[in-house]
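K.L.:
structure of the sequence below:
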Amino acid sequence: MSVNDTPRGERAHIAVFGRRNAGKSSLINAFCGQEVSIVSPVSGTTTDPVYRPMELLPAGPVVLIDTAGLDDTGELGEQRIRQTLHVLKKTDLAVLVVDAEAGAGDFERELLQKLAAAGTNVMIVLNKIDKITSDPPSLEERCNQMASRLEAGSSIRLFPVSTLSGSGIGALKRAAAERLAQEEQRFRLVGDLLSPGDVAVLVVPIDKAAPKGRLILPQQQTIRDIMECDALAVVTKEQELSHTLSQLTGKPRVVITDSQVFLKVQADTPPDVPLTSFSILFARYKGDLPRLVSGARSIARLKDGDRVLIAEACTHHRQSDDIGSVKIPRWLREITGRQLTIDHAAGSEFPADLEQYSLIIHCGACMLNRRAMLRRLDEAEAAGVPIVNYGVFIAYVQGVFPRAIEMFPSAMLAWEEGGSGNTRQNRGTDTLSLPIV
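P.N.:
Below you'll find the model as predicted:
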């Protein structure tokens, strides 16, 4: 997979913020080493956010985001500002650009506070140092004065640069790569659950919803992560799982399945072999699995007339048995027996009026980066709305809880603290007659 083929959701997001004409686009070009953003002395040249993928070692694949100035004016300017603030929600590393000639003021200080409140890593760039021709203070003194004026904490570094001469760009890139590499090491998809030589069995159904000639992104990424930890990935279809397990010389470390065939796979997987799904792995990797597991308890509390949001991070052509628009609504109504209003949202925008919902069911977020998914979880929590993802929801309604999360202690703790019994147990039955397809 080439650098440009790496999905945006798997890239660290570096976004550049600041006033109009602070040199944000020039900084993007200098960072990339090529002209990727339009540079002009006219204020407001950048309108919509501009995304530029690149490789930044040792951090790996990243995407640079050039944004419109947050001091834009007029009705169109307000729309540009909203787009820029939307970028903030998925930013892993924010670069605040300050014009060395114009200096910093209340605007930059408030912007820095907004970034800090969002929990975003921040670097400050003092741009256009080549235009400073006045006598003392020295450049170092200017940097210290600016840090003090911005009330920047000791953890926020300030980098003097000249995008015209390239001075300081190398130091900025190295610092950004090191900061992102530290964050990247904290999160693995499945590799932290495996040891070298372990066998992981992946169950991949091939149906009409599967893309022709390739595996879907979560399956590709899981295989890659297994290989990176020197474990073995064995891929099979659900009909062949029993035969596949019988051919292994020992028990696999884990069986990972597509959520839609959970019931079949659970029946064929020995009780002493850990079982989970691609979607549950992504709930842990991209978000907060304990929070999503806790949200599953709310399914039993839904009432007639409640509104449920089904949210997907991507847009795709829907098949007749689409998981989000067909299967999940059907399963939800069957397990609750309630008359529910179900809304759908797709793409990068998340509804602002979440308070109207009693439950949010989110996709696996393979097209979102971790920061964006965590922000969605935070927005749901702030609105007081429980949220689950597809994998957690399907495991719950198909009776694979808590087995599907037993290998994740923090998720099990969240489940046990949430109460006893699931919807089927509350109804006095041991099984739920839900169609698998």
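K.L.:
tell me how many other residues surround residue 19.
P.N.:
Close neighbours of residue 19, defined as other CB atoms under 10 Å, add up to 22. Any C-beta I mention is one placed from the backbone N, CA and C, and that applies to glycine too.
K.L.:
residue 411 too?
P.N.:
Residue 411: 25 surrounding residues under other CB under 10 Å.
K.L.:
then residue 227?
P.N.:
The burial count for residue 227: 12, using other CB under 10 Å.
K.L.:
that one looks like it's in a helix, true?
P.N.:
Yes - counting by DSSP: H, G, I helix; E, B strand; the rest coil, residue 227 is found in a helix.
K.L.:
ok, it touching residue 233?
P.N.:
Yes - in this structure residue 227 lies within contact range of residue 233 using CB atoms under 8 Å: 6.6 Å.
K.L.:
low pLDDT regions in the protein?
P.N.:
By pLDDT under 70, the low-scoring segments of the chain are 1-5, 35-47, 73, 132-140, 152-155, 182-187, 207-213, 315-321, 419-437.
K.L.:
residue 116 - nearest residue in space that isn't next to it in sequence?
P.N.:
residue 122 (6.7 Å; CB to CB, 6 or more residues apart in numbering).
K.L.:
can you give me the helices for the stretch 1-150 of the chain?
P.N.:
For the stretch 1-150 of the chain, the helices defined by DSSP state H, counting those that start in this stretch occupy 24-32, 74-88, 106-117, 139-150.
K.L.:
any idea which helix or strand comes after the last one?
P.N.:
If I follow you right, that is helix 139-150. On the C-terminal side of helix 139-150, the closest following helix or strand by DSSP states H and E is strand 158-160.
K.L.:
before we move on, the earlier item: check contacts around the residue nearest to residue 116.
P.N.:
Residues in contact with residue 122, defined by CB atoms under 8 Å, 6 or more residues apart in numbering, are 93, 94, 95, 96, 112, 115, 116, 156.
K.L.:
do residue 262 as well
P.N.:
277, 394, 395, 398, 400, 404.
K.L.:
10 Å instead, please
P.N.:
Listed by CB atoms under 10 Å, 6 or more residues apart in numbering, the contact partners of residue 262 are 203, 238, 275-277, 279-280, 391, 394-400, 403-404, 436.
K.L.:
PyMOL command to pick out the buried ones of these?
P.N.:
Buried subset of those, written as a PyMOL selection, criterion 16 or more other CB atoms under 10 Å:
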select buried, resi 203+238+275+276+277+279+280+391+394+395+396+397+398+399+400+403+404
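K.L.:
any idea how far the nearest residue to residue 396 once chain neighbours are set aside is from residue 218?
P.N.:
Counting by CB to CB, 6+ apart, residue 296 is the residue found nearest to residue 396 once chain neighbours are left out, at 4.6 Å. According to CB to CB, to the nearest Å, residue 296 and residue 218 sit 20 Å apart.
K.L.:
between the two, which one's more packed in?
P.N.:
With neighbours defined as other CB under 10 Å, residue 296 and residue 218 compare such that residue 296 has more, 27 against 22.
K.L.:
helix, strand or coil for that one?
P.N.:
Residue 296 is classified as helix under three-state DSSP.
K.L.:
pretty sure it sits against residue 392.
P.N.:
Yes - look at residue 296 against residue 392 with CB atoms under 10 Å: they come within range, at 5.5 Å.
K.L.:
now do the shared contacts for these two.
P.N.:
361, 401, 405, 415.
K.L.:
which ones among the residues you listed lie within strands?
P.N.:
Among those, the members falling in strands (DSSP state E) are residue 361.
K.L.:
residue boundaries of the strands in the protein?
P.N.:
12-18, 50-56, 60-66, 93-99, 121-127, 158-160, 199-203, 232-236, 254-257, 275-277, 307-312, 341-346, 359-362, 387-389.
K.L.:
partner strands of the fifth one and their direction?
P.N.:
Strand 121-127 has these partner strands in its sheet, going by DSSP bridges: strand 93-99 (parallel), strand 158-160 (parallel).
K.L.:
pull up the gap between the closest residue to residue 354 other than its chain neighbours and residue 361, please.
P.N.:
Nearest non-adjacent residue to residue 354, counting by CB to CB, 6+ apart: residue 383, 3.8 Å away. Using CB to CB, we find residue 383 at a distance of 15 Å from residue 361.
K.L.:
now do residue 142
P.N.:
From residue 142 to residue 361 the distance is 52 Å (CB to CB).
K.L.:
just want to know which of these two has more residues nearby.
P.N.:
The neighbour count for residue 142 versus residue 361, taken as other CB under 10 Å, is higher for residue 361 (27 against 19).
K.L.:
go through stretch 112-131 and flag the buried ones.
P.N.:
For stretch 112-131, a neighbour-count test (16+ other CB under 10 Å) marks 112, 115-116, 118, 120-129 as buried.
K.L.:
check stretch 400-416 too.
P.N.:
400, 401, 402, 403, 404, 405, 408, 411, 414, 415.
K.L.:
of all these, which two lie farthest apart?
P.N.:
Farthest pair in the buried residues of stretch 400-416 (CB to CB) is 400 and 414. Separation: 16.4 Å.
K.L.:
quick one, domains of the protein?
P.N.:
For the chain, the structural domains run 8-185, 191-273, 291-416, going by the TED database.
K.L.:
make CSV out of these and add distance to residue 284.
P.N.:
Putting these into CSV (distance: least, CB to CB, whole Å) gives the following:
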stretch, distance to residue 284
domain 8-185, 15
domain 191-273, 10
domain 291-416, 7
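K.L.:
closest to residue 348 among the contacts of residue 122?
P.N.:
residue 94 (18.1 Å).
K.L.:
the closest one bridge partners, please.
P.N.:
With DSSP bridges as the rule, residue 94 is bridged to residue 15, residue 122.
K.L.:
pretty sure it is touching residue 13, no?
P.N.:
Yes - with contact defined as CB under 10 Å, residue 94 reaches residue 13; the gap is 9.3 Å.
K.L.:
OK, contacts around residue 218?
P.N.:
Counting by CB under 10 Å, 6+ apart, residue 218 has contacts 189, 256, 258, 277-279, 281-282, 285-286, 364-366, 391.
K.L.:
mind running it again at 8 Å?
P.N.:
Counting by CB under 8 Å, 6+ apart, residue 218 makes contact with 278, 279, 281, 282, 364, 366.
K.L.:
take the buried residues of stretch 112-131 and write them to JSON lines, including distance to residue 331.
P.N.:
Listed next are the buried residues of stretch 112-131 as JSON lines, based on distance: CB to CB, whole Å:
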{"residue": "112", "distance to residue 331": "46"}
{"residue": "115", "distance to residue 331": "40"}
{"residue": "116", "distance to residue 331": "42"}
{"residue": "118", "distance to residue 331": "35"}
{"residue": "120", "distance to residue 331": "37"}
{"residue": "121", "distance to residue 331": "40"}
{"residue": "122", "distance to residue 331": "43"}
{"residue": "123", "distance to residue 331": "46"}
{"residue": "124", "distance to residue 331": "49"}
{"residue": "125", "distance to residue 331": "50"}
{"residue": "126", "distance to residue 331": "55"}
{"residue": "127", "distance to residue 331": "53"}
{"residue": "128", "distance to residue 331": "58"}
{"residue": "129", "distance to residue 331": "60"}
